[in-house]
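Q: Below is the sequence, then the predicted model.
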Amino acid sequence: MLHQTLNSKKMQTEKNKIALVTGANTGIGFQIAKALAEHQYTVFVGSRNLAKGQNAAAKLGKNAIALQLDITDPDSIRAAVKKVQGEYGYLTLLVNNAAISHTGKDGMTMEEILSSQMPSVASISELRTVWNTNVFGTLAATQAFLPLLKNTTAARIVTVSSALGSLTINANPQNPYRSSFDAVYGASKTALNGIFLSLAIELEKNNIKVHLVSPGFTATALNNFQGTDTVEYGSLEPIRVALAEDLPTGSFTGPADIAGPDHVLAW
């Protein structure tokens with residue numbers, strides 16, 4: 001009987017794909033959750049504000065479940081893990097999407113944000129706050145959900161990063177956007193890339209794939225909606241990576257217009 005129960009659980013694990021997308025109540029996170037739900041994933045819609053998460057989940061339909069999750073709050077992370085553990089006992093895919101770009105007032109232009117985040121003038125307090133979400137909170141949530149990812153076969157972690165965090169690209173004087181490489185948001189993505197490449201190497205032995213993906217210059221709240229690409233277009237590459245199961249671990253990709261036809265970005 002025990003053997004049959006274990007086999008049944010393994011079959012269930014293989015058949016039912018369970019995903020969690022952080023920051024999924026709006027923007028690129030919502031689009032990723034939508035695509036996963038349409039591909040028959042059960043999707044936990046992570047949101048700091050539960051009501052906003054519930055509204056998003058209602059729009060996504062029966063495959064979506066609202067989940068209160070603030071990745072900077074250890075209690076919130078523990079409660080979210082407990083909920084997923086209690087309902088399914090495993091996680092097939094973790095999409096780290098939640099991020100912030102600054103701590104200033106709403107409506108600041110992208111130019112205002114960038115000028116205040118250059119290393120010579122950047123507020124150390126703002127730097128700590130942004131990195132607490134983009135770097136430390138993202139890793140904390142990932143560490144907390146790792147046991148659930150290890151409870152299934154072929155689990156994956158997809159982390160939404162940015163080409164802005166590439167040291168290779170920004171070190172190239174021919175890069176027309178290198179002046180936008182700041183110490184607060186941009187460098188937080190550099191740190192994120194480094195940590196998750198390290199994680200990809202560590203988890204190779206566990207058969208858990210780790211991917212980093214840039215959506216490109218997308219118009220979202222992160223840049224006061226001044227990006228040149230729509231959310232729908234900017235979501236295409238993150239969705240492609242989230243749905244792909246055959247990409248090599250440790251990949252860092254972006255849309256073809258910034259990464260080329262192979263989608264590969266330089267670290």
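A: Structure's in. What do you need?
Q: hey, where'd the helices end up in the stretch 1-150 of the chain?
A: 2-15, 27-38, 50-60, 74-87, 110-116, 124-131, 138-149 (DSSP state H, counting those that start in this stretch).
Q: so the fourth one versus helix 138-149, what angle?
A: Just to be clear, that refers to helix 74-87. Per axes from the mean of the first three to the mean of the last three Cα atoms, to 10 degrees, the angle that helix 74-87 makes with helix 138-149 is 20 degrees.
Q: Buried residues in helix 74-87, which are they?
A: 76-77, 80-81, 84 (16 or more other Cβ atoms under 10 Å). For every residue, glycine as well, the C-beta is placed using N, CA and C.
Q: In the residues you listed, find the pair that's most separated.
A: Greatest spatial distance among these (Cβ to Cβ): Ser76 and Val84, at 12.9 Å.
Q: pLDDT weak spots in the stretch 101-250 of the chain?
A: Where the stretch 101-250 of the chain drops to pLDDT under 70, the residues are 216-229.
Q: quick one: the strands in it?
A: Secondary structure of the stretch 101-250 of the chain (DSSP state E, counting those that start in this stretch): strands at 156-160, 209-213.
Q: possible to save these as JSON lines with distance to Gly29 and mean neighbour count?
A: Output for the strands of the stretch 101-250 of the chain, formatted as JSON lines (distance: least, Cβ to Cβ, whole Å; neighbours: other Cβ atoms under 10 Å):
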{"stretch": "strand 156-160", "distance to Gly29": "8", "mean neighbour count": "26"}
{"stretch": "strand 209-213", "distance to Gly29": "13", "mean neighbour count": "25"}
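Q: possible to save those as CSV with distance to Glu245?
A: Below are the strands of the stretch 101-250 of the chain laid out as CSV (distance: least, Cβ to Cβ, whole Å):
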stretch, distance to Glu245
strand 156-160, 7
strand 209-213, 8
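Q: In this structure, which helix is the longest?
A: helix 185-203 (DSSP state H).
Q: check contacts around Tyr185.
A: 101-102, 113, 117, 130, 134, 164, 222 (Cβ atoms under 8 Å, 6 or more residues apart in numbering).
Q: Name the nearest of these relative to Ala56.
A: Among the contacts of Tyr185, and counting by Cβ to Cβ, the member closest to Ala56 is Leu222, at 17.7 Å.
Q: how about the helices in the stretch 151-267 of the chain?
A: Going by DSSP H, counting those that start in this stretch, the stretch 151-267 of the chain shows helices at 167-171, 185-203, 231-234, 236-243, 256-259.
Q: most tightly surrounded among those?
A: Of those, the one with the most neighbours on average (mean count of other Cβ atoms under 10 Å) is helix 236-243, at a mean of 22.
Q: Contacts only, for the closest residue to Phe196 other than its chain neighbours.
A: Spatial nearest neighbour of Phe196, excluding adjacent residues (Cβ to Cβ, 6 or more residues apart in numbering): Thr159 at 5.2 Å. Residues in contact with Thr159 (Cβ under 8 Å, 6+ apart) are 95-96, 138, 142, 192, 196, 210-213.
Q: Quick check: of these, which lies closest to Trp267?
A: Once Cβ to Cβ is applied, the member of the contacts of Thr159 that ends up nearest Trp267 is Leu212, at 9.0 Å.
Q: Now do the contacts for the closest one.
A: When contacts are counted by Cβ under 8 Å, 6+ apart, Leu212 touches 158-159, 161, 192-193, 196-197, 251-253.
Q: Please convert those to CSV, extending it with distance to Gly186.
A: Shown next, in CSV, are these (distance: Cβ to Cβ, whole Å):
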residue, distance to Gly186
Val158, 20
Thr159, 16
Ser161, 11
Leu192, 11
Asn193, 11
Phe196, 16
Leu197, 17
Ser251, 21
Phe252, 15
Thr253, 18
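Q: Nothing else from me, thank you.
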